[in-house]
Structures are given as C-alpha cells and as structure tokens.
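*Asks:* sequence first, predicted model second:
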Amino acid sequence: MRMPDTMTVEEGIRAAGVGRFQYRLFAVFGLVWAADAMQVLAIGFTAPSIAASFGISVPEALQTGTLFFVGMLIGAFVFGRLADRFGRRPVLIVSVLIDAIFGIASAFAPDPTTLLALRFLTGVGVGGTLPVDYTMMAEFLPSDRRGRWLVMLESFWAVGTIALAIIALFAGSHGGEAWRTIFLCTGLPALLGLVLRFSVPETPLYLAKSGRAAEARQVLQRVARANGSAATIEALRAEAATKPPLAALFSPVLRRRTTFVLLAWALISVSYYGVFVYLPVRLAGEGFGFLRGPEFLVLIALVQLPGYALAAYGVERWGRRPTLIGFLLLSAAGCMLFSLGSATALVVGSTLLLSFALLGTWGAIYAFTPEIYPTPLRATGMGTAGAVARLGGLLAPSIVAPLMAADFTAALGALSALLVLAALAIRLVDVESRQQSLD
C-alpha cells in the first residue's frame with residue numbers, strides 16, 4: 001500500500017490504523033485513571049480511621065483531603081504546562097512516579113504532619129497525570145474515533161470507584177488502621193502503571209509540532225506495525241517548532257473558548273462535590289446513612305457506566321457540545337428531584353440519576369477540552385482546566401455546605417442553577433470539535 005509522498009500527522013494516524021497499539025495504551029492509561037479515582041475517593045473512607053489512629057478529630061483528619069486537592073491543583077497546572085514544553089512522555093513518567101512513591105509512602109506515615117505532607121505530594125502526582133493522560137490518548141487517535149475513546153477512558157473512574165469500595169470493606173474488617181491498607185492498595189496500581197508507561201512513545205503530533213517530523217514518522221510506523229497495518233508512513237510535512245507562552249490560552253483566537261470552558265469546569269466541579277459529598281451528609285442525618293456506605297458506592301459506580309456509554313455515543317453522533325449540554329441539563333433536573341420528597345425510592349432514584357448524568361458530563365467534557373486547543377497548548381489547556389476543577393472542589397465547602405445546613409431546597413436550587421449556567425457556558429464556546437483533526 002503506497003501513501004502520498006508527504007502527509008499530515010492526521011493522515012499518518014489514519015494510515016497506521018486503530019488496533020492493538022491504542023488498546024494497550026487505553027489499558028495503561030485506564031489503570032492509572034482508576035488508581036487516581038481511588039486516591040480521590042479514599043478521602044472520605046480514611047478520615048475516621050486516621051483520626052482514631054493518631055488521636056485527632058475527624059475534621060483534622062480531613063485536612064489530608066484538603067492538602068491532597070491543593071496538590072492536585074498545583075500538579076495539574078504545572079505538569080500540563082511542562083508537557084507542552086518538554087514532551088508528554090517524560091512529564092507523564094515523572095508525574096506517575098510521584099503519584100506511586102508518595103501514594104505508597106502515605107500508608108507508612110508515622111504521624112499526622114508527615115501524612116499531610118505525603119498526601120499533598122501524592123496529590124501533585126495525581127493532578128499531573130490527569131491532563132497528560134488525556135492529551136496523549138487524544139494525540140494517538142484519528143478524528144472519527146477520538147471522542148468515544150476519550151469518554152470511555154473516563155469510565156475507568158467507575159472501575160476505580162468499585163475497587164475502592166471493595167478495598168474499604170476489606171480494610172474496615174481487618175483492624176483499626178484501615179487507612180494504611182487503603183492508601184497502600186490505592187498506590188500500588190500507579191506503581192504498575194509507571195512500569196507499563198516506559199513503553200509508551202512520545203506522541204507524533206507533539207514531535208511534529210516540535211520540528212521533529214522524522215521521529216514522528218518513526219512513531220507512526222511503530223503504531224502501524226503494532227496494529228498489523230501494511231501501510232508505509234511517508235515523510236511528514238515539515239512544521240516549525242513553536243512554544244507559545246501561557247498567555248496564548250487567552251489570545252484572540254482562543255480567548256472565548258478558554259473563558260467559557262474553564263467556567264464550565266469550575267461550575268461542574270462545585271456541583272459534583274456538592275452532590276456527592278455534602279448532599280449525602282445531609283441525607284445521612286435524615287436516616288439515609290446507607291448512601292455513604294461502600295455497598296451503595298458500588299451501585300453508584302455501576303450506574304455511571306451506561307452514562308459513559310451514552311456520552312461516548314453522543315459525542316460522535318450528536319457532537320461534543322450538544323451531548324455535554326444535554327447531560328448538564330439532565331443533571332440539573334436530577335438535583336431538583338430531591339426537593340419532591342423524602343421517600344426512599346425517590347432519594348435513591350435521584351442519586352442514581354445524578355450519578356448517571358454527572359459522570360456522563362465529566363466524560364463529555366474530558367473528551368471535548370483537549371480537542372479545542374492546538375498541539376503546543378493542548379496539555380496546558382487540559383492542565384489549566386484540571387486546576388480549575390480542583391479549585392472548584394476546594395471552594396465547594398464554603399459554597400455548598402452552609403447552604404445545605406441553612407436551607408436544603410435553596411441548596412438544591414443553587415446546584416441546579418450552577419449546572420444550567422455550565423450548560424450556557426458550553427453553548428457559548430465558539431467551536432464544535434466533532435470529526436475535526438487536531439491542529
């Protein structure tokens with residue numbers, strides 16, 4: 001099979017095909033994505049045993065979660081930026097290394113101060129892996145497959161959720177220091193992911209945009225061989241190396257999309273943590289304590305899977321923005337269902353609907369965001385979005401918790417309004433990236 005004398009990277013990716021290489025990449029990234037979900041969700045399960053182990057209060061123990069989120073904010077922004085400057089592969093390896101080392105070390109912390117420091121550093125590593133994972137996965141996929149693959153990568157969050165629930169059940173029945181078992185089990189997958197990622201090459205898009213077209217061609221030929229394709233990747237069109245500054249995210253071309261996408265990330269994040277952290281606390285005080293148990297967490301995660309599946313279908317069939325807007329409006333409606341009464345069936349049904357809709361929302365926005373930026377700014381854009389999401393998580397206590405305590409119905413209305421505003425923000429983004437080649 002003979003290709004044209006020169007080709008673009010997108011043409012090279014299409015020629016190399018989608019097969020074993022991408023499936024392996026998907027599994028490697030998915031493993032650490034699941035591990036990162038475990039790290040994030042472990043905060044609620046570990047705080048009581050940390051408090052008992054060190055003789056401190058539960059609010060003091062929850063500071064491990066606060067510092068973890070601060071670390072994620074810093075890691076997402078810094079590593080996203082570094083991935084555009086120095087390459088996806090080296091930055092990804094460093095971030096997963098930090099995640100694995102300090103995540104496992106957390107299980108052996110001798111005192112609260114050391115534990116706080118280790119959880120902060122673990123957060124830096126976890127925050128760094130998320131934007132670079134998505135950037136790399138996007139850059140190895142052709143435009144007609146990219147959306148659904150990126151959404152389904154997000155579905156590993158549900159896999160991590162189920163794994164954590166099982167670990168929490170096991171750890172809780174084996175001694176008083178359950179947090180050590182949980183942190184050890186959540187850190188080990190990152191260590192395995194680190195080993196596997198050494199075999200992942202740099203992305204051809206990054207290489208080509210860095211003036212290294214010959215290396216990009218070699219990577220594409222490697223992908224073709226792995227996929228069993230007989231295609232010969234011809235010389236790629238030469239491109240000048242560009243390293244735009246951070247301020248380029250707000251250049252005239254990108255200003256509108258950056259502003260509204262980041263606004264949507266912030267609003268979705270505040271709503272998500274309001275729904276899955278503070279809403280269950282309020283409902284637990286009204287006799288629905290099972291909502292916070294690991295058994296119900298498994299059910300919540302299982303409901304997320306069809307949400308991801310619908311989002312994966314929607315982003316390719318209807319487009320990124322329409323799918324994302326639809327899930328956001330469904331999430332807003334789900335919030336308001338809680339105001340209709342306190343019957344068990346209604347509370348459980350509303351919770352499951354929100355799990356379906358909000359995680360479909362996350363899947364769609366994770367697929368959409370890396371596609372709206374050019375290659376020299378893609379990881380920076382994803383890292384900035386990730387940092388904004390973590391900021392939303394940090395702000396959620398001061399925004400949602402007081403409302404939940406003062407007026408339950410008003411709190412539900414506020415969360416619904418935030419989700420509607422996020423839908424409006426996405427509507428105002430000036431690009432639809434379905435079937436579009438990455439620049």
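*Replies:* That came through fine. Just so we're clear, the structure is a prediction, and the values are computed from it rather than from any experiment.
*Asks:* tally of neighbours for residue 395?
*Replies:* As a burial measure, residue 395 scores 14 neighbours (other C-beta atoms under 10 Å). Bear in mind the C-beta positions are built from the backbone N, C-alpha and C, glycine included.
*Asks:* touching, it and residue 271? I think so.
*Replies:* No: contact criterion C-beta atoms under 8 Å: residue 395 and residue 271 do not qualify, at 11.4 Å.
*Asks:* nearest residue to residue 159 other than its sequence neighbours?
*Replies:* residue 34 (4.5 Å; C-beta to C-beta, 6 or more residues apart in numbering).
*Asks:* check residue 228 too.
*Replies:* Spatial nearest neighbour of residue 228, excluding adjacent residues (C-beta to C-beta, 6+ apart): residue 19 at 6.3 Å.
*Asks:* what are the buried residues along stretch 128-142?
*Replies:* By neighbour count on 16 or more other C-beta atoms under 10 Å, the buried set for stretch 128-142 is 128-142.
*Asks:* chain center to that stretch: distance?
*Replies:* Offset of stretch 128-142 from its chain centre (C-alpha atoms, centre = their mean, to the nearest Å): 11 Å.
*Asks:* any weak-confidence spans in this protein?
*Replies:* Residue ranges of the chain with pLDDT under 70: 1-5, 173-175.
*Asks:* domain assignment for it?
*Replies:* Domains of the chain are assigned by automatic domain parsing as 6-236, 246-427.
*Asks:* distance between the ends of the first one?
*Replies:* End-to-end distance of domain 6-236: 5 Å, with C-alpha to C-alpha, to the nearest Å as the criterion.
*Asks:* that one: how far from the chain's middle?
*Replies:* Distance of domain 6-236 from the chain centroid (C-alpha atoms, centre = their mean) equals 9 Å.
*Asks:* rewinding a little: surely the residue nearest to residue 159 meets residue 156?
*Replies:* Yes: the criterion here is C-beta under 8 Å, and residue 34 meets it with residue 156 at 4.4 Å.
*Asks:* select the longest helix from the protein.
*Replies:* helix 20-54 (DSSP state H).
*Asks:* list the buried residues in that one.
*Replies:* Using 16+ other C-beta under 10 Å as the test for burial, helix 20-54 gives 21-22, 25-26, 28-47, 49-51, 53-54.
*Asks:* so which of the buried residues of stretch 128-142 is the closest to residue 247?
*Replies:* Checking those against residue 247 by C-beta to C-beta gives residue 131 as the nearest, at 18.4 Å.
*Asks:* number of residues surrounding residue 357?
*Replies:* Residues near residue 357, counting by other C-beta under 10 Å, number 26.
*Asks:* so what's it up against?
*Replies:* Neighbouring residues of residue 357 by C-beta atoms under 8 Å, 6 or more residues apart in numbering: 307, 327, 330, 331, 334.
*Asks:* just send those residues back as TSV, with distance to residue 74, secondary structure and neighbour count too.
*Replies:* What follows is these, written out as TSV (distance: C-beta to C-beta, whole Å; DSSP: H, G, I helix; E, B strand; the rest coil; neighbours: other C-beta atoms under 10 Å):
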residue	distance to residue 74	secondary structure	neighbour count
307	30	helix	28
327	29	helix	28
330	33	helix	20
331	28	helix	29
334	32	helix	24
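*Asks:* would you turn the residues you listed into a markdown table with distance to residue 164?
*Replies:* Below are those laid out as a markdown table (distance: C-beta to C-beta, whole Å):
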| residue | distance to residue 164 |
| --- | --- |
| 307 | 18 |
| 327 | 24 |
| 330 | 26 |
| 331 | 23 |
| 334 | 23 |
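*Asks:* so the most centrally placed residue in the chain is in which element?
*Replies:* Using C-alpha atoms, centre = their mean, the residue of the chain that lies closest to the mean C-alpha position is residue 130, 5.4 Å off. Residue 130 belongs to helix 112-139 when assigned by DSSP states H and E.
*Asks:* after that helix, next one along is what?
*Replies:* Sequence-wise, the next helix or strand downstream of helix 112-139 (DSSP H and E) is helix 143-154.
*Asks:* give the buried residues for that following helix.
*Replies:* 143, 146, 147, 148, 149, 150, 151, 152, 153, 154.
*Asks:* my guess is the first one meets residue 435, correct?
*Replies:* I take that to be residue 143. Yes: at 5.4 Å, residue 143 counts as touching residue 435 under the criterion of C-beta under 8 Å.
*Asks:* ok, residue 62 - contacts?
*Replies:* 43, 47.
*Asks:* for residue 246, that is, sorry about that
*Replies:* Contact partners of residue 246, counting by C-beta under 8 Å, 6+ apart, are 81, 380.
*Asks:* so how far is residue 319 from it?
*Replies:* Distance of residue 246 to residue 319, given as C-beta to C-beta, to the nearest Å: 29 Å.
*Asks:* then residue 287?
*Replies:* 43 Å.
*Asks:* the two - which one has more neighbours?
*Replies:* Remark: of residue 287 and residue 319, residue 319 carries more neighbours, 18 against 10, as counted by other C-beta under 10 Å.
*Asks:* show me the contacts for the closest residue to that one other than its chain neighbours.
*Replies:* Nearest residue to residue 319, sequence neighbours excluded (C-beta to C-beta, 6+ apart): residue 434, at 4.5 Å. Applying C-beta under 8 Å, 6+ apart, we find residue 434 in contact with 147, 315, 316, 319, 320.
*Asks:* could I get those residues as CSV with distance to residue 168?
*Replies:* Formatted as CSV, the contacts of residue 434 follow (distance: C-beta to C-beta, whole Å):
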residue, distance to residue 168
147, 33
315, 32
316, 36
319, 38
320, 35
